[in-house]
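> No letters, just coordinates:
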């Protein structure tokens, strides 16, 4: 590899890592906060298991983002196809629902239970609503103590809505950061996953850098513009793409200049 | 919202004040009454519903239009089956027409919901169970128009109220449909009527035992399950009085609920 290409790769790599780091610096505290809130709310709801399920793509598919309880590890990142099960219904209808098994019949949440080995007997599912848009589902499953478990009450259904509002704000912020990270990966066009531990260590020393702060400020600005509506998002995207094109042309020009010198 | 002042002047109104109602309506079975379930489909193999679902269709997008094809995909969530199961327990001879708008391919939910309602009105199903709604106000006009068309066509639309503290359409419309929220009551015949409230009817909607997927039964809580309780009651009224208009049905429900209330008050006194 020539010296120029090496430098080029190094520069791209550093840019990518900075982007990833910004995203993680946003997502990690949020996923932690979501988990903490889940724990607090589950206790208040007298529930054994709780989980946050979010959108996975644009086709209505869902995935577990966060979970607490015995099978939490098995649940995280588990996918639910569009429109399937209680979560699928709550997500597509925007309505909460409480369901309890009757007698000794087959568990209603068969697919997820099959994968986790858990037995769902009573469940309360409520939508995560952010600015009028359904962005996920909050679920409480079973009760503390031994079965048979009491059904979730209408009052608990109302209380769950309050927790859902708080969690929805965090999920929205998480999703935005994820989009930012994905966008960063695309922009820098690095397809090979690599181990970046050395660079990460270096990046940790950069956390309080002006550049880092500027990137976060840019992320916040983008979020603000995006929340103003479709026309604003479109305009913002066009402006950003124009800047990116300009940067690419400039980069190619400077590369040529460098090569010629 | 408080009660409309002066309404108490009608507190002695009975069903016969409004029109002559067959006294034996409670003994009916909903025979000959068509009920459209606009929902997630119906599991036709459930023992409670076997042979009762006359037709199942589901939404499909074709060149930006929403069309309805015969459906064999059943119920994707259990919700539609649950609603049909509740109606069937009250009115076992009801004829069901499943219009699947949730979990039907790649159709947008609100769009499919509107087209599903349009489909039901065009087919003039006598009763339409809407345990669904939308909170998006940009559908207000279209839904209002559809509900007016249903009213003029003689289709009785029964809608579940939003479970969350915000308005959902069409349940907040007052004139052209019947809206229902959940109560802890267990007997479907003991429904309530809150004259002057945005959502007027109350019906059992807490731990309602009903049909679910895989031939099972579940206990369900939500306004979604109060709505079919009222649909079941109306199916009985319609079998006994096939020519009732949406307005007359609402009047009958009001009068019957007042009778329920009076009976309860008498029981309490005793």
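Alright, I've got the coordinates. As the structure is a computational prediction, the values presented were derived from the model and not from experiment.

> So what does the closest residue to residue A:50 other than its chain neighbours look like in phi/psi?
In space, and not counting its chain neighbours, residue A:50 is closest to residue A:42: 4.0 Å by C-beta to C-beta, 6 or more residues apart in numbering or on different chains. (Each C-beta comes from the backbone N, C-alpha and C, glycine too.) In terms of degrees, to the nearest 10, the main-chain angles of residue A:42 are phi -60, psi -40.

> What about residue A:42, how many residues nearby?
When counting by other C-beta atoms under 10 Å in any protein chain shown, one arrives at 20 neighbours for residue A:42.

> Let me see the contact set for it.
A:48-50, A:68-69, A:140 (C-beta atoms under 8 Å, 6 or more residues apart in numbering or on different chains).

> ok, those vs chain B, which is closest?
Nearest to chain B among the contacts of residue A:42: residue A:140, at 12.7 Å, using C-beta to the nearest C-beta.

> nearest spatial neighbour of the residue in chain B that chain A sits nearest to, skipping sequence neighbours?
Nearest to chain A, among the residues of chain B, is residue B:103, at 2.8 Å (C-beta to the nearest C-beta). Closest residue to residue B:103 apart from its sequence neighbours, by C-beta to C-beta, 6+ apart: residue A:83 at 2.8 Å.

> do you know how far the one you found is from residue B:40?
The gap separating residue A:83 from residue B:40 is 7 Å, by C-beta to C-beta, to the nearest Å.

> now residue B:140
As judged by C-beta to C-beta, residue B:140 and residue B:40 stand 24 Å apart.

> same question, residue B:201
Taken as C-beta to C-beta, the span from residue B:201 to residue B:40 is 23 Å.

> who's more crowded, the two?
residue B:40 (31 against 26).

> where along the chain do the helices fall?
Because you didn't say which chain, this covers chain A. Remark: helices assigned in chain A by DSSP state H are A:3-44, A:72-75, A:85-93, A:110-116, A:154-188, A:197-204, A:210-226, A:230-260.

> I was thinking of chain B, sorry if that wasn't clear
Using DSSP H, helices in chain B cover B:15-18, B:79-90, B:109-122, B:140-153, B:223-240, B:246-269.

> Comparing the ones you listed, which yields the minimum mean pLDDT?
Lowest mean pLDDT of those: helix B:15-18, a mean of 56.

> Show me which residues of chain B sit near chain A.
Within chain B, the residues that sit near chain A (C-beta under 8 Å from any C-beta of the partner chain) are B:40, B:76-79, B:102-104, B:106, B:109, B:132-136, B:160, B:162-165, B:168, B:182, B:184, B:206-207, B:209, B:212-214, B:216-224.

> So what's the residue count around residue A:160?
25.

> how about it, what does it touch?
A:41, A:45, A:96, A:124, A:126, A:138, A:140, A:152.

> Report pLDDT for it.
At residue A:160, the model reports a pLDDT of 94.

> Please apply the same query to residue B:212.
pLDDT, residue B:212: 93.

> wouldn't it be in contact with residue B:77 here?
No - between residue B:212 and residue B:77 there is no contact under C-beta atoms under 8 Å: 9.7 Å.

> Mind pulling the model confidence for residue A:192?
pLDDT at residue A:192 comes out at 47.

> With residue B:221 instead?
For residue B:221, pLDDT reads 96.

> what about it, neighbour count?
Residue B:221: 26 neighbours (other C-beta under 10 Å).

> Residues in a beta bridge with it, which ones?
Beta bridges link residue B:221 to residue A:98, judged by DSSP bridges.

> Same question for residue B:209.
Applying DSSP bridges, one finds that residue B:209 bridges with residue B:219.

> What's the biggest strand in chain A, counting residues?
Ranked by number of residues, the top strand in chain A under DSSP state E is strand A:133-143.

> re the thing from before, quickly list what's touching both of residue A:83 and residue B:40.
With C-beta under 8 Å, 6+ apart as the test, residue A:83 and residue B:40 both reach A:89, B:76-77, B:102-103.

> is it possible to export those to CSV including neighbour count and pLDDT?
Formatted as CSV, the shared contacts of residue A:83 and residue B:40 follow (neighbours: other C-beta atoms under 10 Å in any protein chain shown; pLDDT from 0 to 100):
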residue, neighbour count, pLDDT
A:89, 28, 88
B:76, 25, 85
B:77, 26, 89
B:102, 28, 87
B:103, 28, 76
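
> about what we covered before: using JSON lines, please lay out the helices of chain B together with mean neighbour count.
Converted to JSON lines, the helices of chain B look like this (neighbours: other C-beta atoms under 10 Å in any protein chain shown):
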{"stretch": "helix B:15-18", "mean neighbour count": "14"}
{"stretch": "helix B:79-90", "mean neighbour count": "29"}
{"stretch": "helix B:109-122", "mean neighbour count": "22"}
{"stretch": "helix B:140-153", "mean neighbour count": "17"}
{"stretch": "helix B:223-240", "mean neighbour count": "28"}
{"stretch": "helix B:246-269", "mean neighbour count": "16"}
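
> List the buried residues of stretch B:204-220.
Within stretch B:204-220, the residues that count as buried by 16 or more other C-beta atoms under 10 Å in any protein chain shown are B:204-213, B:215-220.

> any residues touching stretch A:45-52, and which ones?
Counting by C-beta under 8 Å, 6+ apart, residues outside stretch A:45-52 touching it are A:34, A:38-39, A:41-42, A:64-72, A:75, A:118, A:124, A:128, A:136-144, A:152, A:156, A:159-160, A:163, A:167, A:171.

> Can you say which of those residues are buried?
In terms of neighbour count (16+ other C-beta under 10 Å), the buried residues within the contacts of stretch A:45-52 are A:34, A:38, A:41-42, A:64-69, A:71-72, A:75, A:118, A:124, A:128, A:136-143, A:152, A:156, A:159-160, A:163, A:167, A:171.
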